[in-house]
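>>> need a structure here:
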Amino acid sequence: MEQGVVGLAVGFILGGAVSDLVASIVENILNPLIGIALGDTNLDAMSLALGGEAVLTYGVVLTVFINFIVIAAFVYWAVKKLGLDKLDAEKEDE
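Numbering: from 1, shown residues only. Now for the predicted structure:
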């Protein structure tokens, strides 16, 4: 029981750290590169004006989507490649 709680706490701490790291990489490295490829230097500032008053800031949505994809890929890699999925299977067999 204690190991499960400690593991959960470590997971939350590492999850926050990975999230901050990914957000920084996406914001400072990937967004400028994608922005340049799309013709704008700041991906977050990309928007579409509708009717003069409404503004759709799709650049922010793209940034959040990229963050999600990178974090999901990292979690998948960590679980599959490090064999973390097998730990639960071994615990259930006992």
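
>>> and the residue nearest to Met46 when sequence neighbours are not counted, what is it in contact with?
Excluding the flanking residues, the one nearest Met46 by C-beta to C-beta, 6 or more residues apart in numbering is Gly59, at 3.3 Å. To be clear about C-beta, it is placed using only N, CA and C from the backbone, and glycine gets the same treatment. Counting by C-beta atoms under 8 Å, 6 or more residues apart in numbering, Gly59 makes contact with 35, 40, 42-47.

>>> let's have the residues you listed in CSV, adding secondary structure and pLDDT.
CSV is the format used below for the contacts of Gly59 (DSSP: H, G, I helix; E, B strand; the rest coil; pLDDT from 0 to 100):
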residue, secondary structure, pLDDT
Gly35, helix, 79
Asp40, coil, 68
Asn42, coil, 75
Leu43, helix, 77
Asp44, helix, 77
Ala45, helix, 78
Met46, coil, 80
Ser47, coil, 82
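
>>> show me where the protein has strands.
Per DSSP state E, the chain carries strands over the ranges 48-50, 54-56.

>>> if we can go back for a sec, out of the contacts of Gly59, who has the most neighbours?
Leu43 (23 neighbours; other C-beta atoms under 10 Å).

>>> correct me, but that residue touches Thr63?
Yes: at 6.0 Å, Leu43 counts as touching Thr63 under the criterion of C-beta atoms under 8 Å.

>>> list the residues that contact both of these two?
Common neighbours of Leu43 and Thr63 (C-beta under 8 Å, 6+ apart) are Asn31.

>>> for Lys81, give me its contacts.
Lys81 touches nothing, counting by C-beta under 8 Å, 6+ apart.
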